[in-house]
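Asker: What follows is a protein structure lacking sequence information:
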């Protein structure tokens with residue numbers, strides 16, 4: 001728009017105020033305004049003593065004109081260029097209108113599509129919740145009924161036990177009223193029956209707490225994995241000497257070794273860490289790691305690591321070459337392997353973490369990212385034998 005306005009101003013300067021066309025044989029009169037020679041002659045054709053300027057009405061003393069060859073040359077140049085330039089402006093404006101209209105149409109179409117999808121998902125979710133509510137209420141009712149039945153059986157057992165005790169007590173009371181011989185003969189039988197009489201076990205029950213378990217796709221985790229999953233490999237050049245990288249560069253394990261000279265100047269020298277070979281400076285990316293063994297671990301992304309750092313990079317660190325790092329701490333456990341998902345949204349400035357075993361969200365770290373970010377993996381110095389492995393699920 002600014003260029004078009006400037007072009008219009010330039011065209012106005014090269015135009016005759018009388019005929020409003022480009023200047024032809026331009027001349028300059030006494031007041032300094034420019035006109036076509038023919039146009040100014042026409043204006044002053046019937047005048048005798050006073051020759052007013054058609055623009056400012058300044059009275060010129062005579063009909064003397066001063067030719068302006070420079071303005072004539074400029075006008076010729078404008079004649080050559082103004083038409084194609086105007087055509088380009090018109091095309092640009094038309095293209096802009098088309099692009100705006102197209103973009104608006106695409107946005108409206110996408111929004112309409114997303115609304116349909118969301119409406120469908122909400123309907124599906126409502127249907128799922130209704131069915132889940134009925135199922136949970138049914139299971140709770142069954143638990144309640146089961147406890148009532150067991151309690152009824154327990155009450156019956158207690159009643160029977162109390163009845164047998166009462167019968168034994170009555171027999172003893174009756175024996176006590178008999179002679180000594182009869183008492184001694186019958187008391188042994190009563191005692192034996194009492195010794196073998198077992199009291200019912202204490203009534204106990206365990207209730208299962210019900211909860212609504214959403215399918216993973218309601219959290220978008222499956223879509224996230226299938227859409228943004230990347231295949232990472234570890235960079236041995238950056239690995240701490242106590243970290244052993246597998247041949248396929250998919251796993252790293254911590255082993256305590258003697259301090260030795262490093263072959264790679266880019267390696268972490270103090271903190272047990274290693275970077276991925278792949279880095280990202282735009283887009284969304286998701287990767288998974290599997291942790292086995294016992295020890296501390298740290299995951300995230302960082303920019304420009306400092307190879308002699310004594311401590312792991314932290315989000316607040318702005319010193320040295322560690323300009324940015326985000327990570328999550330945890331402790332590995334023996335037994336079942338733990339899977340952690342990491343989702344990087346570069347433009348949004350977020351790194352989110354997920355427990356892939358339970359398909360649950362953990363938390364998100366936010367920042368403004370610049371430059372290339374490198375996936376970062378670390379094993380705490382106190383770890384004994386912790387393994388971190390890259391995991392690539394089939395899509």
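Answerer: Alright, I've got the coordinates. Remember, it's a predicted structure, so these values are computed and weren't measured experimentally.
Asker: For the protein, which segments count as helices?
Answerer: 2-13, 37-43, 69-176, 180-195, 221-228 (DSSP state H).
Asker: Any idea how far stretch 49-59 is from the middle of the chain?
Answerer: 73 Å (Cα atoms, centre = their mean, to the nearest Å).
Asker: Now do it, average pLDDT.
Answerer: In this model, stretch 49-59 has an average pLDDT of 84.
Asker: tally of neighbours for the closest residue to residue 71 other than its chain neighbours?
Answerer: Distance criterion Cβ to Cβ, 6 or more residues apart in numbering; nearest residue to residue 71, sequence neighbours excluded, is residue 26 at 4.6 Å. The way it works is simple: take the backbone N, C-alpha and C, and place the C-beta from them, glycine included. The local packing of residue 26 (other Cβ atoms under 10 Å) involves 25 other residues.
Asker: what pairs with residue 26 across the strands?
Answerer: residue 36 (DSSP bridges).
Asker: residue contacts, it?
Answerer: Counting by Cβ atoms under 8 Å, 6 or more residues apart in numbering, residue 26 touches 16, 34, 35, 36, 37, 67, 68, 71, 72, 75.
Asker: Domain boundaries for this structure, per the record?
Answerer: Listed by automatic domain parsing, the domain ranges of the chain are 2-67, 220-391.
Asker: Quick check: the gap between residue 250 and residue 236.
Answerer: 12 Å (Cβ to Cβ, to the nearest Å).
Asker: sorry, that was for residue 299
Answerer: Residue 299 sits 19 Å away from residue 236, going by Cβ to Cβ.
Asker: returning to what we had before: do you know the pLDDT at the residue nearest to residue 71?
Answerer: pLDDT, read off for residue 26, is 84.
Asker: Quick check: the gap between it and residue 297.
Answerer: Going from residue 26 to residue 297 by Cβ to Cβ gives 82 Å.
Asker: and what of residue 206?
Answerer: Counting by Cβ to Cβ, the gap from residue 206 to residue 297 is 35 Å.
Asker: Out of these two, name the residue with the larger neighbour count.
Answerer: residue 297 (25 against 6).
Asker: partner residues bridging that one?
Answerer: With DSSP bridges as the criterion, the beta-bridge partners of residue 297 are residue 330, residue 379.
Asker: Check the gap between it and residue 170 for me.
Answerer: Per Cβ to Cβ, residue 297 is found 72 Å from residue 170.
Asker: Kindly report the same for residue 372.
Answerer: 92 Å.
Asker: Which of these two has more residues huddled nearby?
Answerer: Here residue 372 and residue 170 are compared on neighbour count by other Cβ under 10 Å; more neighbours surround residue 372, at 14 against 10.
Asker: Ramachandran angles for the more buried one?
Answerer: With angles defined as degrees, to the nearest 10, residue 372 sits at phi -80, psi 130.
Asker: give me every residue that touches it.
Answerer: When contacts are counted by Cβ under 8 Å, 6+ apart, residue 372 touches 279, 280, 281, 303.
Asker: So which of those residues belong to strands?
Answerer: Residues of these located in strands (DSSP state E): residue 303.
Asker: need the helix or strand of the protein with the lowest average pLDDT.
Answerer: Using mean pLDDT, DSSP states H and E, the weakest-scoring helix or strand in the chain turns out to be strand 324-332, at a mean of 43.
Asker: Distance of the nearest residue to residue 58 once chain neighbours are set aside relative to residue 11?
Answerer: With sequence-adjacent residues excluded and distances taken as Cβ to Cβ, 6+ apart, residue 58 is closest to residue 31, at 3.9 Å. Computed as Cβ to Cβ, the residue 31 to residue 11 distance reads 22 Å.
Asker: Residue 237 now?
Answerer: Plainly put, residue 237 is 63 Å away from residue 11 if you go by Cβ to Cβ.
Asker: Residue 346 too?
Answerer: Taking Cβ to Cβ as the measure, residue 346 falls 47 Å from residue 11.
Asker: Neighbour count: the two, which is higher?
Answerer: Ranked by neighbour count (other Cβ under 10 Å), residue 346 and residue 11 place residue 346 first, with 18 against 14.
Asker: Check the spacing between the more buried one and residue 228 real quick.
Answerer: Following Cβ to Cβ, the distance that separates residue 346 from residue 228 is 11 Å.
Asker: Report the buried residues of stretch 291-307.
Answerer: Of the residues in stretch 291-307, 291-293, 295-303, 305-307 count as buried by neighbour count, 16 or more other Cβ atoms under 10 Å.
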